[in-house]
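Colleague: Following is a predicted model, sequence given first.
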Amino acid sequence: MSVPTRATDAARIEKLLSVVRATRPLPHRDGSLYFASNVTGVAQVFRQQAAGADAQRVVDTDTRLVPHAHTDMGLLVREDRGGNEIWQLALIADGSYRPLTTDPKAVHRSVTLHPGGRRVGLSWNPEGQADMVLGEMDLETGAMTRWAQPGGFWEWAAWSPTGDRAAVVKVMGTPTEANVLDRDGTLRRLLPDAVRTHPVEWLEIGILVLTDEGRDFVGLAVVDPQMPGGVGRWIFNEDRELEAAVVDPTKSRAALVVNEGAYDSIRIVELRTGGELERVELPPGVVASDHTGEPAYHVSWSPDGTRLFVSWEQPSQPAEIYEWPGARRWTITSDPPAGLISPSEVAYESFDGLSIPGLLYRVDDTARPTVVVFHGGPEYQSRANFQPQARLLNSIGVNVFLPNVRGSSGYGLRFQSLDDKTLRRDGVRDGCEAARYLKRGGIATSTAAMGGSYGGFMTLAVLVECPDLWDAGVDTVGIADWHTFFANMPPWRGVLRINEYGDPQGAEADFLREISPIHRAHLIKAPLMVIHGRNDPRVPVEESEQIARATGAELMIFEDEGHGIAALPNQVTANRRILEFLAANLT
């Protein structure tokens, strides 16, 4: 397949890849808006006085910086270096930047402002240890006070209204266990029969939680802390996944982010009755979600509760910040080309009859080379956000298909659990069936597999499982060997992944060895390209190095990147080479 010169030209790629996003809206009481944007190449904090006004950079730094909370002592920000996700905390006030945290190996997470406004609850892992500590930080002095170290990966979720207790959550991959924490370290479990429970806010009426108690989908409920064993009242319990609930400052309403398949809806509900007051009308899209935070992190109320700010992404537009009531666009950070293809929602039948949903970016009705892009996670879902690589590939006449194989989130707990531990090969077989569906349906003349993180594992796995189906593969920050993956990752991440993938030292050890692509790498027939960031804290760079050695694959390692390629110059370099590679191997 020949590729038009303009499509592999760096300037053309940079235009298509100008994935400049505006995220983490944080309105101030003076009417201005703080937010994060990567317009300088890496996320920085900006301030904007009014909708459509010029944005001003708050402080100059070469590290990734995200606005977190307005406090009595200034703007609290989170910072990491080179994409390592070892989040540190600092305050910005009167143009000065004051670091608060002093342990460069510790990840400081789930930072939650105390009702008094002068301290925060959080979790952290001193010296990078596996177990998280739950406690508080004084924002004036930076002093840390421990409340508990229960063992495992914990997050601070909400303060009690009086500020002397907290709702906290133990994260074990998909399963989460919510608890009430007293200052003396005492824990009391909330909703012990639920698989997934995450506190949102502690109100006078009770603890507001996202939970799947007795259900396949996550909803929103109120739990009485004096009767923690069951739901007191449901506020949202539709057969759709609730992605987020953000309570307004008056504690009377909440903005709900509801997963409706490819797109989100945002609904304003009254907490007292559970009644829906209004739907936020925006162009079809989804709330932003990235390594800095889940959807709830990218939705914020104004301090007086009259306005809602949302980082909203569309298939044809990277994330920008919009205001409700109305749909006024505040930020103008990117200008993608016109005429971009919108994805179609499709489904195909897998080997056992299970229906697998997906999104198809099809150039036209003729059969064309098609790239199958597997999402990461694996508890994740390909949705109708802005997909820069799909845009690049469409521009050279290549279709793109994003299957949500079994194990994907968004379709209920049952579907999400269908690839757990020793069921993982079934998800890989779904990936192979995607290529068969495309060829059988006259969509694809040839197929390539591509994906990042867990999607990188899927790429390698389908190349091994069905080597004759694929004409090329591109693996970005993927897992090649489950045992070395666990052995080389930071210890605090290992405790998150065992429930999903299995224990490499336990009952699943033999299966993890069997399904690791590295042990059958000799079966791969398709040309392979491998990409990684040297500072990756999630998937060690050794995973890419060893699969490249085993297969003779082309290997690109970026010394200043982490889990994925974030800096715009590096994206241009990587994607130009991906286009050249696919053009040479797809017909």
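Modeller: On my side now, so go ahead. Residues are numbered from 1 along each chain as shown.
Colleague: Would you check that residue 283 makes contact with residue 314?
Modeller: Yes - Residue 283 lies in contact with residue 314 (CB atoms under 8 Å); the separation is 5.5 Å. (Glycine included, C-beta is placed from N, CA and C.)
Colleague: Which one's more surrounded, those two?
Modeller: residue 314 (20 against 13; other CB atoms under 10 Å).
Colleague: That one is in contact with residue 386, isn't it?
Modeller: Yes - counting by CB under 8 Å, residue 314 touches residue 386, with 6.8 Å between them.
Colleague: quick one: the nearest residue to residue 427 once chain neighbours are set aside and residue 354, what's the gap?
Modeller: Closest residue to residue 427 apart from its sequence neighbours, by CB to CB, 6 or more residues apart in numbering: residue 419 at 3.7 Å. According to CB to CB, to the nearest Å, residue 419 stands 11 Å off from residue 354.
Colleague: list residues touching both of the two?
Modeller: Common neighbours of residue 419 and residue 354 (criterion: CB atoms under 8 Å, 6 or more residues apart in numbering): residue 406.
Colleague: So which of those two has more stuff around it?
Modeller: The residue with more neighbours, out of residue 419 and residue 354, is residue 419; 23 against 16, by other CB under 10 Å.
Colleague: now the more buried one, what's its secondary structure?
Modeller: The three-state label given to residue 419 by DSSP: H, G, I helix; E, B strand; the rest coil is coil.
Colleague: wait, what's in contact with it?
Modeller: Neighbour list for residue 419: 378, 405-407, 426-427 [criterion: CB under 8 Å, 6+ apart].
Colleague: Most neighbours among those residues, which one?
Modeller: Each of the contacts of residue 419 was scored for neighbours by other CB under 10 Å, and residue 405 scores highest at 29 neighbours.
Colleague: Can you tell me the closest non-neighbouring residue to that residue?
Modeller: Nearest one to residue 405, counting by CB to CB, 6+ apart, is residue 430 at 3.8 Å.
Colleague: I'd guess that neighbour is in a helix, am I close?
Modeller: Yes - checked against three-state DSSP, residue 430 lies within a helix.
Colleague: thought it was touching residue 358?
Modeller: No - at 9.9 Å, residue 430 does not count as touching residue 358 under the criterion of CB under 8 Å.
Colleague: Looking at those two now, which is surrounded by more residues?
Modeller: residue 430 (27 against 24).
Colleague: per-residue pLDDT, the more buried one?
Modeller: Note for residue 430: predicted pLDDT of 98.
Colleague: what's the spacing between it and residue 119?
Modeller: 47 Å.
Colleague: Likewise for residue 353?
Modeller: Per CB to CB, residue 353 is found 55 Å from residue 119.
Colleague: between these two, who's got more neighbours?
Modeller: Neighbours per residue (other CB under 10 Å) separate residue 353 from residue 119, with residue 119 holding more: 21 against 6.
Colleague: bridging residues for the more buried one?
Modeller: Under the criterion DSSP bridges, residue 119 forms beta bridges with residue 138.
Colleague: do the same with the one 5 residues further on
Modeller: According to DSSP bridges, the partner residues bridging residue 124 are residue 108, residue 133.
Colleague: I'd like the distance between it and residue 141.
Modeller: For residue 124, the distance to residue 141 equals 16 Å [CB to CB].
Colleague: Which of these two has more residues huddled nearby?
Modeller: Shown here are residue 124 and residue 141; by other CB under 10 Å, residue 124 has more neighbours (25 against 9).
Colleague: For the chain, which segments count as helices?
Modeller: Taking DSSP state H, the helices of the chain run over residues 5-8, 10-16, 388-395, 413-416, 424-440, 454-465, 482-488, 491-501, 509-515, 542-551, 568-585.
Colleague: Mind putting those helices into JSON lines with distance to residue 338?
Modeller: Below are the helices of the chain laid out as JSON lines (distance: least, CB to CB, whole Å):
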{"stretch": "helix 5-8", "distance to residue 338": "16"}
{"stretch": "helix 10-16", "distance to residue 338": "12"}
{"stretch": "helix 388-395", "distance to residue 338": "12"}
{"stretch": "helix 413-416", "distance to residue 338": "36"}
{"stretch": "helix 424-440", "distance to residue 338": "27"}
{"stretch": "helix 454-465", "distance to residue 338": "29"}
{"stretch": "helix 482-488", "distance to residue 338": "42"}
{"stretch": "helix 491-501", "distance to residue 338": "41"}
{"stretch": "helix 509-515", "distance to residue 338": "44"}
{"stretch": "helix 542-551", "distance to residue 338": "36"}
{"stretch": "helix 568-585", "distance to residue 338": "20"}
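Colleague: So for the protein, the centremost residue is which one?
Modeller: For the chain, residue 290 is the residue whose C-alpha lies nearest the centre (CA atoms, centre = their mean; 4.2 Å).
Colleague: Could you double-check that it sits in contact with residue 23?
Modeller: Yes - using CB under 8 Å, residue 290 is in contact with residue 23, at 6.6 Å.
Colleague: Now for the residue lying closest to residue 250 once chain neighbours are set aside: which residues touch it?
Modeller: Residue nearest to residue 250 in three dimensions, not counting chain neighbours: residue 305, with 4.7 Å by CB to CB, 6+ apart. Residue 305 makes contact with 248-250, 253, according to CB under 8 Å, 6+ apart.
Colleague: hmm, 6 Å instead?
Modeller: Under the criterion of CB atoms under 6 Å, 6 or more residues apart in numbering, the neighbours of residue 305 are 248-250.
Colleague: Please report how far residue 447 lies from residue 434.
Modeller: From residue 447 to residue 434 the distance is 8 Å (CB to CB).
Colleague: what residues are shared contacts of those two?
Modeller: Both residue 447 and residue 434 are contacted by residue 372, under the criterion CB under 6 Å, 6+ apart.
Colleague: Settle this for me: residue 442 is touching residue 365, isn't it.
Modeller: No - Residue 442 sits out of contact with residue 365 when judged by CB atoms under 6 Å, with a separation of 8.6 Å.
Colleague: Need the pLDDT of the closest residue to residue 83 other than its chain neighbours.
Modeller: Nearest residue to residue 83 in three dimensions, chain neighbours excluded: residue 562, at 2.4 Å (CB to CB, 6+ apart). pLDDT, residue 562: 88.
Colleague: Residue 562 and residue 246, how far apart?
Modeller: Taking CB to CB, one finds residue 562 at 28 Å from residue 246.
Colleague: swap in residue 563?
Modeller: In this structure, residue 563 and residue 246 are 26 Å apart, going by CB to CB.
Colleague: Just give the closest residue to residue 170, not the sequence neighbours.
Modeller: In space, residue 170 is closest to residue 177, 4.4 Å off (CB to CB, 6+ apart).
Colleague: How about the backbone phi and psi for residue 387?
Modeller: Per-residue torsions, residue 387: phi -110, psi 90 (degrees, to the nearest 10).
Colleague: what about it, neighbour count?
Modeller: Neighbour count for residue 387, taken as other CB under 10 Å: 22.
Colleague: try residue 462
Modeller: 30.
Colleague: again with residue 332
Modeller: The local packing of residue 332 (other CB under 10 Å) involves 16 other residues.
Colleague: for the helices of the chain, which one ends up most surrounded?
Modeller: helix 454-465 (a mean of 28; mean count of other CB atoms under 10 Å).
Colleague: Mind jotting down where the strands sit in the stretch 101-250 of the chain?
Modeller: Assigned by DSSP state E, counting those that start in this stretch, the stretch 101-250 of the chain shows strands spanning 108-113, 119-124, 133-138, 144-148, 154-159, 165-171, 176-182, 187-190, 197-203, 206-211, 219-223, 233-236, 242-247.
Colleague: Kind regards, and thank you for your time.
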